[in-house]
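Chemist: Quick check, what structure comes out for this input:
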Amino acid sequence: MKYSICATMCALAFASSSYAAQYKAVPAFTGSAKMGINCVHAPTEAGNNGIASQCQQFIPPTNPRIEAQFPVPPSQYNVMYRNPSAKAFSEFSGYPMVVEMSQDTCYLRNPLVNTILAERNVSPELFKTYEYACSEGNRESFDNSSMIYKYTVSGAFQPQNDAHFYAGVTMQMALDYYSDLFPNQAELCPSSGYCIKQVQLRVNYSHEGQDYSSNWDGEYVNLAPGGNTFRQFAHGSALDIVSHEIGHAILSWNSDLLYQGGEQSAIHEAFSDMTAVAVRDYYFKHLQVTESNFTTSPLALAWQQDNQKKWWFGIDRNFSQSPVRYLNYPRLDLYSVDDHRDLADAVGPHQQSGVLNKFFYLLSNQNGWDIERAYKLVLTAAKDCFNRQSSIEHAGYCLIQSTVEKQLVSHLLQQVGIVPSNANVDNLDFSIDRLLDEANYQIIDNSFYNSQVQSLNVKVNGESQLYWRKNNGQGNYQSVKGGRVILQQGANTLALELELKNGQIKTGYRLLYGASEPRCIPNSTTPALTDIRINGELFRLDNSYEFVELNTPIHSLDELKIDFLTALNNRYVSLFSDSNRNRVFEVFSDPLSNELIFGQPDVANSVAVRFEYPDSVMAGPLLMRIRIDDQQESACNAINSGQVVDFLVNFKQGGSNLAVDFSHSQVNNDVTFKANGTGATDLSYNWYFDSHLVAENKTQFTKVLSGATLVRVDMLSKGQVVASEERVVSPVANPNLAIQCQVTGSSCEFNISHEQLPASARYFWTFGDVNNTKDTRYNANSFNFDYRQHGQYEAVLELFIDELNTQFKATTMVNISTSTPDFNFDYRVDASNSQRLIFTPDLAGVEVTDIRWNIEQSWVRQSDLSGTWTHTFSEPGVHTVYMAITDIHGSIHTTSKSINVKANTQQPKATVNQAQVMMKYGSYSMCYHSQLHQLAKGDSELNSYWNFPIACVSEITVDGSSSDGSTVLSEYWVDLNRDNQFQTNEKNITSTFNLSEGAVNVCVVAYTEAQGPSVVPCDPTQGRDSMQFKIVQ
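Modeler: Sure, this is the predicted structure:
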């Protein structure tokens, strides 16, 4: 079969005489109420001038139903398509309306297209190629029988003609483009290479009873009959639909990609949408300019000249002026997504196709690129790289692999959230919330620590809206990793550029559409109001539709009051809130997403509304709509006598009584702050000190203040700042409170010392004796306290300055004993860490039952009474070290030394002991069997499991240690291209590799958090450690 098609096609290409005898180019009658009456004229042949004369004389039918449905009669246009350099139909100057003639009958069939017309009450297997009598030669394909019925039902005239003609253009383009890409291929569908077959069309066929859904079923392109129930033309009359469905066939013939749900089906749909746009572009390139040419029709002009509508798919299918999908802005259909990160928000493959469609639009509009070049790249990627299980990310991989402009393609794929393993980008992961002409961003990338960030630049359309740099007086990174940007009207590119301390630059992109006015504005005639007051703001209404902006915010917990200053006479009032910010007011059964928030009949002069689910609406700019009707209507319906008022507001979470305050108290040098907020639910608080964000989500927070500090607390509700309080807090200087004890017998004379206090104080004593005696005094005079028995006691003095809510504390150990033994301690500095000291008690023969050390305000018991005790100081400097011993009589004795601890300057060292390698193995480019391998540091090889040829590294972790006791982290590189060098893009990858092609080198590097990951691949310097091994089959 492949040979016969090729043989016929070769005849077609080289214009053999036998081909001319079998096939004829004929004029045809095509079109629809939207496309117009399109008279397709064939090239001139002997005995026939090629003119579609019957089409030119046709008068469209009319009756009241037709006039109601299509009030403007279709105009008549000439279609003169010529493409003499084409590989197909060159015998007829590239004219594709070619039919097969046999025994005075013309069949809509040629080597590339077979057009079958579905018949009522006939089994599909009995359908036949459409035919008509043509005894006088290449007669025009014209049939006006049952025209009133056909035109009334579907608005089309003879869709089998349109389908045959458009399919011929589509197949001709496919053959031309494949021939350009693979010029050395001699056959049309060899066992390897591209494949072009004869496409089988079934026109007006309701596949599985679907009158409004066309499809490719693996054998036939089924073009639905359409109809006025869902206001669709016969699908065979729509250029976009015919070429789209053939696109599925082309992809099926030239790749192993299956239409099996998930992302594979989304790729199929995107490829077919791209095919439709490419065919339309190709079609217009070969239309000749003649009198009353189709290129001058309104729809053709929009396709050619409007840079937006050029990218609308399926506008020729619908009675309305709306398309099926928007390749330039997929989200405009309310269901599709344009970013791979939003894929879960799309309900099916048609909506998920928007990700690749958006990429195709971006690429086609780059310098040096156009629709043809971009589509040829897609054809190449599909043929050479797509497989049965290709995901959208893998499709991106194939696109990069198939182009010489890899950096450009990688960059554009990154803009739609596709970052395959071969993309030469260092992607920064962040999320967004769309808010009309604003957007929130939040960096969620976990590939680095906050402390590593050096700078952040947030740009919209190349203009910086935030530039933050560390230690530049702008707060810390945490305060800018999330924020809000302002968008221009229309297309916007949000770019985040983040620089790390090691010079690494990470970038992330989001494509956003900025707009602040509703998409649907109801047609209206007679206004119902002259004035309206919304939350106290008065607006004059001169028209039945008005758009206004409120100056004061609306709060989620407050009542929204609307006063109608013209008597409504008991009209129906509806209030809508565009909570999902798509600029369309929708009614849903789910109360959380329903945008109709109020509807009531018999309204006289005012309404008062509260948001039933206030937390479901994000703070920010919000569109709302008021409708006044005689009865309940949907938000976008036309209105005869009534009023529509759209208003833009700043929506805030909480109530208008939002307020926050904070108190503070001081204990020694620690100042504790406590927030108190009102007016909202689910509150949290962020604390700023001298404009630096120091604590998040903290109601209470403690910090040491070095002096007068500007303190601000932000109150947040649902993640949005709703109130703030700011003031200067001056801490009370530490008065250096101290206690002295002079022991005489069992009594202690206590003396207090401190610097001058800013206000009067009270002294609260806890003596620590067996009776836990406490006492409050109001002066600092000395006094005696009798402990009555020997032992060691901790005396605590708390000094309260109540007027300033401040407290200072001091302690001392009281030793009541018969005699004080002569004991001491020595210490030495650890050679590997100058902040680690080893202490040795010198007990001078004293028998002890307990030894305790007090260092950095903490008592620690020494477990080995005859050995040494080690402590690592958290900070260098002068420290007082106390050693307390308990003798065999129960008496406690204390000694102390002041020690100057020097800062540790030695680099910690990480050590790898062994690695745990989680591998996956499989075959046919897929990894599916998991196996854990344990490798000691000296092991040089990892043998694959059961001799599988395909492998993937799933995860590598290390068992290691560090000289400073800190946590050991790790990273790894896989030498996928087997060039014996580790590259940046080979870090921590999980890509598939074929072990039958040879061993693969792996490098694992261990490091501490202080060292951070290495900038150079497989670099064990600066205290890091590494191990390398090979994965072999």
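
Chemist: So which residues of the stretch 801-950 of the chain form helices?
Modeler: Counting by DSSP state H, counting those that start in this stretch, the stretch 801-950 of the chain forms no helices at all.

Chemist: doesn't His394 make contact with Ala381?
Modeler: No - contact criterion Cβ atoms under 8 Å: Ala381 and His394 do not qualify, at 10.1 Å. Backbone N, C-alpha and C define where each C-beta goes, glycine included.

Chemist: So the two - more neighbours on which side?
Modeler: Neighbour tally, Ala381 and His394, criterion other Cβ atoms under 10 Å: the higher count belongs to Ala381, 23 against 20.

Chemist: quick one: the more buried one is in a helix?
Modeler: Yes - using DSSP: H, G, I helix; E, B strand; the rest coil, the assignment for Ala381 is a helix.

Chemist: if I pick it, what's in contact with it?
Modeler: With contacts defined as Cβ atoms under 8 Å, 6 or more residues apart in numbering, Ala381 is in contact with Ala395, Cys398, Leu399, Gln401, Ser402.

Chemist: Please indicate which of those residues are buried?
Modeler: Among the contacts of Ala381, those classed as buried by 16 or more other Cβ atoms under 10 Å are Ala395, Cys398, Leu399, Ser402.

Chemist: a markdown table please, covering the residues you listed and showing secondary structure and pLDDT.
Modeler: Listed next are the buried ones among the contacts of Ala381 as a markdown table, based on DSSP: H, G, I helix; E, B strand; the rest coil; pLDDT from 0 to 100:
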| residue | secondary structure | pLDDT |
| --- | --- | --- |
| Ala395 | helix | 97 |
| Cys398 | helix | 97 |
| Leu399 | helix | 98 |
| Ser402 | coil | 97 |
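
Chemist: Which of the contacts of Ala381 sits closest to Lys376?
Modeler: Relative to Lys376, the closest of the contacts of Ala381 is Ser402; by Cβ to Cβ it sits at 9.6 Å.

Chemist: Please report how far the closest one lies from Asn184.
Modeler: Separation of Ser402 from Asn184 (Cβ to Cβ, to the nearest Å) stands at 18 Å.

Chemist: What of Ala276?
Modeler: 29 Å.

Chemist: which residue packs closest to the most centrally placed residue in the chain, ignoring adjacent ones?
Modeler: Centrality entry for the chain: nearest residue to the mean C-alpha point is Arg341, 3.5 Å, by Cα atoms, centre = their mean. Excluding the flanking residues, the one nearest Arg341 by Cβ to Cβ, 6 or more residues apart in numbering is Gly417, at 4.1 Å.

Chemist: my guess is that neighbour meets Asp342, correct?
Modeler: Yes - assessed by Cβ under 8 Å, Gly417 is found in contact with Asp342 at 7.4 Å.

Chemist: how about low-confidence regions in this protein?
Modeler: Within the chain, the ranges that satisfy pLDDT under 70 run 1-21, 45-48, 818-819.

Chemist: Name the residues of stretch 896-907 that are buried.
Modeler: Per 16+ other Cβ under 10 Å, stretch 896-907 contains these buried residues: Ile899, Val901, Asn904.

Chemist: can you check stretch 406-421 too?
Modeler: Buried, per 16+ other Cβ under 10 Å, within stretch 406-421: 408-421.

Chemist: what helices or strands is the helix or strand hosting Ser243 leaning on?
Modeler: Using DSSP states H and E, Ser243 maps to helix 239-254. Judged by 3 or more Cβ pairs under 8 Å, 6 or more residues apart in numbering; DSSP states H and E, the packing partners of helix 239-254 are helix 159-181, strand 199-203, strand 215-216, strand 221-223, helix 262-285, helix 371-384.

Chemist: how about a cut-off of 7 Å?
Modeler: Here helix 239-254 touches helix 159-181, strand 215-216, strand 221-223, helix 262-285, helix 371-384, going by 3 or more Cβ pairs under 7 Å, 6 or more residues apart in numbering; DSSP states H and E.

Chemist: could you redo the contacts of Ala381 as a markdown table and give each row distance to Gln452?
Modeler: As requested, those are exported to a markdown table (distance: Cβ to Cβ, whole Å):
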| residue | distance to Gln452 |
| --- | --- |
| Ala395 | 33 |
| Cys398 | 34 |
| Leu399 | 32 |
| Gln401 | 32 |
| Ser402 | 36 |
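
Chemist: Residues contacting stretch 436-447, please?
Modeler: 428-433, 481-487, 489, 494, 496, 512, 514-516, 581, 620-621, 623 (Cβ atoms under 7 Å, 6 or more residues apart in numbering).

Chemist: can you rerun that using 6 Å?
Modeler: Here stretch 436-447 makes contact (Cβ atoms under 6 Å, 6 or more residues apart in numbering) with 428-433, 481-482, 484-487, 512, 514, 516, 581, 620-621.

Chemist: Of the residues you listed, just the buried ones, PyMOL syntax please.
Modeler: To isolate the buried ones among those in PyMOL, judged by 16+ other Cβ under 10 Å, type:
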select buried, resi 428+430+432+481+484+485+487+512+514+516+581+620+621
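
Chemist: Go through the contacts of stretch 436-447 and flag which are in strands.
Modeler: Phe430, Ser431, Ile432, Asp433, Gly482, Arg484, Val485, Ile486, Leu512, Gly514, Gly620, Pro621 (DSSP state E).

Chemist: who's in contact with Cys748?
Modeler: Cys741, Phe785, Val814 are the contacts of Cys748 under Cβ under 6 Å, 6+ apart.

Chemist: what about the first one, how many neighbours?
Modeler: So the one you mean is Cys741. 17.

Chemist: Which neighbouring elements make contact with the strand or helix carrying it?
Modeler: For Cys741, the enclosing helix or strand under DSSP H and E is strand 738-744. Contacts defined by 3 or more Cβ pairs under 6 Å, 6 or more residues apart in numbering; DSSP states H and E place strand 738-744 against strand 747-753, strand 806-816.

Chemist: got the buried residues for the last one?
Modeler: What it means is strand 806-816. Buried residues in strand 806-816 (16+ other Cβ under 10 Å): Thr806, Gln807, Phe808, Ala810, Thr811, Thr812, Met813, Val814, Asn815, Ile816.

Chemist: Quick one: the residues you listed as TSV, columns for distance to Asn988 too.
Modeler: Output for these, formatted as TSV (distance: Cβ to Cβ, whole Å):
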residue	distance to Asn988
Thr806	52
Gln807	51
Phe808	52
Ala810	53
Thr811	51
Thr812	56
Met813	54
Val814	60
Asn815	60
Ile816	64
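
Chemist: For Tyr545, list the residues it contacts.
Modeler: Contacts of Tyr545 by Cβ under 6 Å, 6+ apart are Ser524, Val644.

Chemist: Check whether Glu291 sits in a helix, strand or coil.
Modeler: Criterion first, three-state DSSP; result for Glu291: coil.

Chemist: Skipping adjacent residues, who's closest to it in space?
Modeler: Using Cβ to Cβ, 6+ apart, the closest residue to Glu291 is Asn78 (6.7 Å).

Chemist: quick one: contacts for that neighbour?
Modeler: Applying Cβ under 6 Å, 6+ apart, the residues near Asn78 are Cys39, Thr290, Ser292, Asn293.

Chemist: which residues of the stretch 851-1000 of the chain fall in strands?
Modeler: Counting by DSSP state E, counting those that start in this stretch, one finds strands in the stretch 851-1000 of the chain at the ranges 858-861, 869-872, 877-887, 892-901, 910-923, 926-936, 941-943, 950-962, 968-974, 992-994, 1000-1008.

Chemist: Output those in TSV; the columns should cover distance to Ala680.
Modeler: Listed next are the strands of the stretch 851-1000 of the chain as TSV, based on distance: least, Cβ to Cβ, whole Å:
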stretch	distance to Ala680
strand 858-861	41
strand 869-872	46
strand 877-887	45
strand 892-901	49
strand 910-923	46
strand 926-936	48
strand 941-943	57
strand 950-962	43
strand 968-974	40
strand 992-994	51
strand 1000-1008	43
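
Chemist: Compare those strands and give me the one nearest Leu757.
Modeler: Using Cβ to Cβ, the nearest of these to Leu757 is strand 877-887, at 24.5 Å.
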